[in-house]
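Asks: need a structure here:
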Amino acid sequence: AIDAKIAAVSAHMYSGTVSVPRELQGMEADIASLRKRRSELEDTELGLMLEREPIDAQLEVAAGQRQVHDKRAGELLTAIAEALVILDADSATHATQRAADAADIPADLLAQYERIRNRNNGVGIARLEHGTCMSCRLKLSAMEMDRIKSLGANDVALCEECGAILFH
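Replies: Residues are numbered from 1 along each chain as shown. This is a model prediction of the structure:
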């Protein structure tokens, strides 16, 4: 735009239609001012180009890193999908095995187990080791231990703290 303006002022100045010397001096001053402005803009543009070079280099490095990370993300997503297939198969196998194992357990005991398990964040039964419930890790009182020892083979012992079915 500045070059076009310089060309237009120069053409008008040298066209011969301007005969007043002051007007010609004004036009020369305009041309000088426009050339100075063009030089300042070119210097600014060069400065910006110099600033841009390291940024462009960083951008290229980042693009390369992104490709590496995108490839790794794709590999990880594939591995996750494969692991999910395996987990689903294992889950189905365990569900089948659990159903087969549960077939031998009385329905009322199984229902009690499921209620306790839902209430205790997935823990329905716990081992009793040396008088300690391994679900809540609390030691049972001596009276409770005596009561549990006196239970029959078909009786169910519950932890008095967490409510888990106890076995020893």
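
Asks: how far off centre is the helix or strand that contains Arg98?
Replies: If you go by DSSP states H and E, Arg98 is part of helix 21-102. Its chain's average C-alpha position is 18 Å from that of helix 21-102, according to C-alpha atoms, centre = their mean, to the nearest Å.

Asks: please apply the same query to stretch 127-134.
Replies: 41 Å.

Asks: quick check: buried residues in it?
Replies: Leu128, Cys133, Met134 (16 or more other C-beta atoms under 10 Å). No exception for glycine: its C-beta is placed from N, CA and C like everyone else's.

Asks: could you pick out the longest strand of this protein?
Replies: When the chain is scanned for its longest strand (criterion: DSSP state E), the result is strand 125-129.

Asks: average pLDDT for it?
Replies: Average pLDDT, strand 125-129: 91.

Asks: what packs against it?
Replies: Applying 3 or more C-beta pairs under 8 Å, 6 or more residues apart in numbering; DSSP states H and E, one finds that strand 125-129 makes contact with helix 107-119, strand 165-167.

Asks: which residues touch the last one?
Replies: Contacts with strand 165-167, where a contact means C-beta atoms under 8 Å, 6 or more residues apart in numbering, come from 112-113, 116, 124-128, 133, 148, 156-159.

Asks: need the residues you listed in CSV (columns: distance to Pro21).
Replies: Below are the contacts of strand 165-167 laid out as CSV (distance: C-beta to C-beta, whole Å):
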residue, distance to Pro21
Gln112, 114
Tyr113, 111
Ile116, 109
Gly124, 108
Ile125, 111
Ala126, 110
Arg127, 112
Leu128, 116
Cys133, 111
Ile148, 122
Val156, 119
Ala157, 119
Leu158, 115
Cys159, 112
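
Asks: so how far is Ala8 from the residue nearest in space to the middle of the chain?
Replies: Nearest to the centroid of the C-alpha atoms of the chain, with distances taken as C-alpha atoms, centre = their mean, sits Ala73, at 11.5 Å. Separation of Ala73 from Ala8 (C-beta to C-beta, to the nearest Å) stands at 57 Å.

Asks: secondary structure element holding the residue of the chain most remote from its centre?
Replies: Relative to the mean C-alpha coordinate of the chain, counting by C-alpha atoms, centre = their mean, the farthest residue is Ser19 (75.1 Å). Counting by DSSP H and E, Ser19 is held by no secondary-structure element, helix or strand.
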